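[1] Give me coordinates for this.
(one chain, ligands or ions: 2)
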Amino acid sequence: MQPSMFNVRVPLPERNEVFLMNTFTDAQIVVSPDVVALLDRFGGDDAPAFLSAEERSTVDELAEHGFLVTDRDHERHELETYFRNIRESTDQLRVTVLTTLQCNFACDYCIQGDHGDYNKHAAKMSMETAARVAEWTESRLDALRPQTFALTLFGGEPLLNLPVAYYLAERLRASCDARGVRMLINLITNGLLLTREVVTRLNACGLNGVKITLDGDRDTHNRMRPLRGGQGTFDRIIQNVRDVAHLTRISIGGNFDMETADSYPALLDFLRDQEFADKLARVSFKPVIREAQPAAKGLIPLTAVSAEGKPLNGACMTSAGTGVNRVCDTCNFVDEKMAFLREETKKRGFSTVDGVHMGPCEIHKENAHTVGPDGSLFACPGFAGEALQSIGHIDGRQDDYRSQALRQFERLAAWKQCQDCAFIPVCAGGCTVAAHNELGDMHAPNCHKTSFEAGLVALAQDAVRELVLA
Ligand code: SF4
Ligand code: SF4
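    Ligands and ions are numbered 1, 2, ... in the order given. Got it, this is the predicted structure:
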């Protein structure tokens, strides 16, 4: 036997104990230094020759929770199986539909918004394409027979194409009912057009929740996410949240940069004081994302930058991904600020991401699809603005560039370069979009280990708090 390569630990000197976690089994325990010493005795070439009855019992328990494993080869084999199961799982079919790339905001950091003539040219899904998306989804439902179907409506601003949003929601709800499949709808919106009518109509089809973005406190948000004429949008969005918070689960996201990060505690105070505060399902923030270089229209911006325009650490696309509860929260972040804002969020009693359970994201799942406004298929929403990254089309057309892209995505396994990193099961090598954009190589790991480490320390502190309260 030997210690698992996925063991991580945080010393708790004030209690003379140690927080132990295994990122593969998700076991988390607080133990005495004796237990850690015992675990470490298995770290050499030879297992301890003699164990007392008490030690034997502790060893059995450590093995049961995955802290001790048979051998490294077996563990690596198990890791391969874990990723294969994630890739091939048919439990859930996930489809993210970009109903339009148009947006009614003119966010400073986003090239998708209403800048200049962009919205005139931004693609919008036609009803005809929506019908074909529905047919294609039905064929996937028939082929996979999943337990659940998760439809994410995203854009641009998805509510700018309400007919398509309603059509897909209603038709696919009927398709799921006919097949005995549970349907969940996630809506990712800037919140400006979110009304009771929208939520009520989507609720009838299985709305799971709505994610809305606020970019800092009122003044900061109004500066960062204005309408084309410069008018602020904060008050309208908050009023809309107030109107629908009792009807659905609302998650609040936000995009910070070095200039705006410090306005988030004021936003959190404001949210805490609202009557809908206890209805917020999740609050989580991540860095503003910009492209490092000017790009073609329609490209989703990707690189987090500082106020000086220098790229920050890793980055990812806007906010789509694995649903309202985990909307691309794996997407990268400025590690320190992320940890700070996570703690500020928790302090005010909001549920947020823990910084450790961040992946693997949907790019590792072959039954998670992103469909662009013209029916092009993408490996994840972060690639959806880049036509050459399309891996297929709902009409089955064959194009060399799509086949080539598909082959690239099929062999994604950046984590294989991460050697014995203990965070592989929850990181999988980081965000592929960020690696592609920042490193020019989607197969390279995009590492934010320090952020995982900060999340681990926070988990340990939470565990201690629970012990104190128990
Ligand atoms: S690769 Fe990045 S953008 Fe795509 S789903 Fe994963 S974390 Fe999100
Ligand atoms: S990218 Fe970094 S944190 Fe993630 S698995 Fe690889 S080495 Fe670990």
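
[2] List, one by one, the residues from the stretch 301-450 of the chain near ligand 2.
    Counting by CB under 6 Å from any ligand atom, the positions of the stretch 301-450 of the chain adjacent to ligand 2 are W415, C418, C421, F423, I424, C427, G429, G430, P445, C447, K449. To be clear about C-beta, it is placed using only N, CA and C from the backbone, and glycine gets the same treatment.

[3] pull the helix or strand with minimum mean pLDDT from this structure.
    helix 118-121 (a mean of 60; mean pLDDT, DSSP states H and E).

[4] Could you pull out the buried residues of the helix or strand that that one is followed by?
    Of the helices and strands lying after helix 118-121 in sequence (DSSP states H and E), the nearest is helix 127-144. Within helix 127-144, the residues that count as buried by 16 or more other CB atoms under 10 Å are T129, A130, R132, V133, A134, W136, T137, E138, R140, L141, L144.

[5] which residues touch helix 127-144?
    90, 93, 95, 97, 125, 149, 151, 163-164, 167-168, 171-172, 175-176, 179, 181, 367, 369, 371, 373-375, 394-395 (CB atoms under 8 Å, 6 or more residues apart in numbering).

[6] Okay, strands next: where are they in the stretch 251-400 of the chain?
    280-287, 368-371, 376-378, 392-393 (DSSP state E, counting those that start in this stretch).

[7] thinking again about what came up before, looking at the residues of the stretch 301-450 of the chain next to ligand 2, spot the one nearest R225.
    G430 (27.2 Å; CB to CB).

[8] sorry, back to before: rank the strands of the stretch 251-400 of the chain by pLDDT, which is bottom?
    When the strands of the stretch 251-400 of the chain are ranked by mean pLDDT, strand 280-287 comes last with a mean of 90.

[9] can you tell if it touches ligand 1?
    No. Using CB under 6 Å from any ligand atom, strand 280-287 stays clear of ligand 1, with a minimum separation of 10.2 Å.

[10] mind listing what that strand pairs with, with the direction of each?
    Strand pairing for strand 280-287, determined by DSSP bridges: strand 250-256 (parallel).

[11] Contact partners for I212?
    Neighbours of I212 in contact, by CB under 8 Å, 6+ apart: T189, N190, G191, L194, I237, V241, I250, S251, I252, G253.

[12] From the residues you listed, list just the buried residues.
    By 16+ other CB under 10 Å, the contacts of I212 give T189, N190, G191, L194, I237, V241, I250, S251, I252, G253 as buried.

[13] Now do the strands in the stretch 1-150 of the chain.
    Assigned by DSSP E, counting those that start in this stretch, the stretch 1-150 of the chain shows strands spanning 2-3, 7-12, 17-22, 28-31, 68-69, 92-98, 148-154.

[14] Which of those strands sits closest to ligand 1?
    Comparing the strands of the stretch 1-150 of the chain against ligand 1 with CB to the nearest ligand atom, the closest turns out to be strand 92-98 (9.2 Å).

[15] Identify the residues contacting the closest one?
    Identification of contacts with strand 92-98 by CB under 8 Å, 6+ apart yields 125, 133, 137, 140-141, 144, 146-156, 158, 164, 168, 320-323, 362, 365, 367-373, 381, 384.

[16] Measure how that strand sits relative to strand 148-154, angle-wise.
    If you take axes from the mean of the first three to the mean of the last three CA atoms, to 10 degrees, strand 92-98 sits at 10 degrees to strand 148-154.

[17] Strand partners (parallel or antiparallel) of strand 92-98?
    Short version: by DSSP bridges, strand 92-98 pairs with strand 148-154 (parallel), strand 368-371 (parallel).

[18] Any chance of CSV for the ones you listed, columns mean neighbour count and distance to ligand 1?
    Output for the strands paired with strand 92-98, formatted as CSV (neighbours: other CB atoms under 10 Å; distance: least, CB to the nearest ligand atom, whole Å):
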stretch, mean neighbour count, distance to ligand 1
strand 148-154, 24, 11
strand 368-371, 25, 8
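
[19] Save the ones you listed as TSV, and put in distance to N16 too.
    Shown next, in TSV, are the strands paired with strand 92-98 (distance: least, CB to CB, whole Å):
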stretch	distance to N16
strand 148-154	45
strand 368-371	45
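
[20] For M1, find the nearest of the ones you listed.
    strand 368-371 (36.5 Å).

[21] which residues of the chain score low on pLDDT?
    Scanning the chain for pLDDT under 70 picks out 45-46, 106-121, 288-334.

[22] top helix in it by residue count?
    Criterion DSSP state H: the longest helix present in the chain is helix 449-469.

[23] residues of that helix that come out buried?
    For helix 449-469, using 16+ other CB under 10 Å, the buried residues are S451, F452, E453, A454, G455, L456, A458, L459, A460, A463, V464.

[24] from those, which is closest to F340?
    Closest to F340 out of these is A454 (9.0 Å), distances taken as CB to CB.

[25] My read is that the closest one contacts L341, right?
    No. Using CB atoms under 8 Å, A454 is not in contact with L341; the gap is 11.3 Å.

[26] Look up how far I424 lies from F50.
    34 Å (CB to CB, to the nearest Å).

[27] out of the two, which sits in the more crowded spot?
    Using other CB atoms under 10 Å, the more surrounded residue of F50 and I424 is I424, with 24 against 6.

[28] What values do phi and psi take at the closest residue to T99 other than its chain neighbours?
    Among residues not flanking T99 along the chain, N161 sits closest, at 4.0 Å (CB to CB, 6 or more residues apart in numbering). Main-chain torsions, N161, degrees, to the nearest 10: phi -130, psi 60.

[29] Could the C-alpha coordinates of stretch 49-59 be exported in PDB?
    C-alpha atoms of stretch 49-59 as PDB (Å, rounded to 0.1, in the frame of the first residue of the first chain):
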ATOM      1  CA  ALA A  49       6.500  -4.200   9.000                       C
ATOM      2  CA  PHE A  50       4.400  -4.000  12.200                       C
ATOM      3  CA  LEU A  51       1.200  -2.300  13.000                       C
ATOM      4  CA  SER A  52      -0.700  -2.300  16.300                       C
ATOM      5  CA  ALA A  53      -4.300  -3.200  16.300                       C
ATOM      6  CA  GLU A  54      -5.200   0.400  16.600                       C
ATOM      7  CA  GLU A  55      -3.000   1.400  13.700                       C
ATOM      8  CA  ARG A  56      -4.400  -1.400  11.600                       C
ATOM      9  CA  SER A  57      -7.900  -0.100  12.200                       C
ATOM     10  CA  THR A  58      -6.700   3.400  11.200                       C
ATOM     11  CA  VAL A  59      -5.000   2.100   8.100                       C
END
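
[30] Let the chain start at 47 from now.
    Sure, I'll start counting at 47 from here, so that last one is stretch 95-105.

[31] Tell me which residues are up against it.
    By CB under 8 Å, 6+ apart, the list of residues contacting stretch 95-105 reads M47, V81, L84, P94, L114.

[32] Apply 10 Å and report the result again.
    Residues from elsewhere that reach stretch 95-105 (CB atoms under 10 Å, 6 or more residues apart in numbering): 47, 77-78, 80-81, 84-85, 87-88, 93-94, 113-114.

[33] Ligand 2 versus the residue of the chain most remote from its centre, what's the distance?
    Farthest-out residue of the chain from its mean C-alpha position, per CA atoms, centre = their mean: F96, at 46.4 Å. Going from F96 to ligand 2 by CB to the nearest ligand atom, to the nearest Å gives 36 Å.
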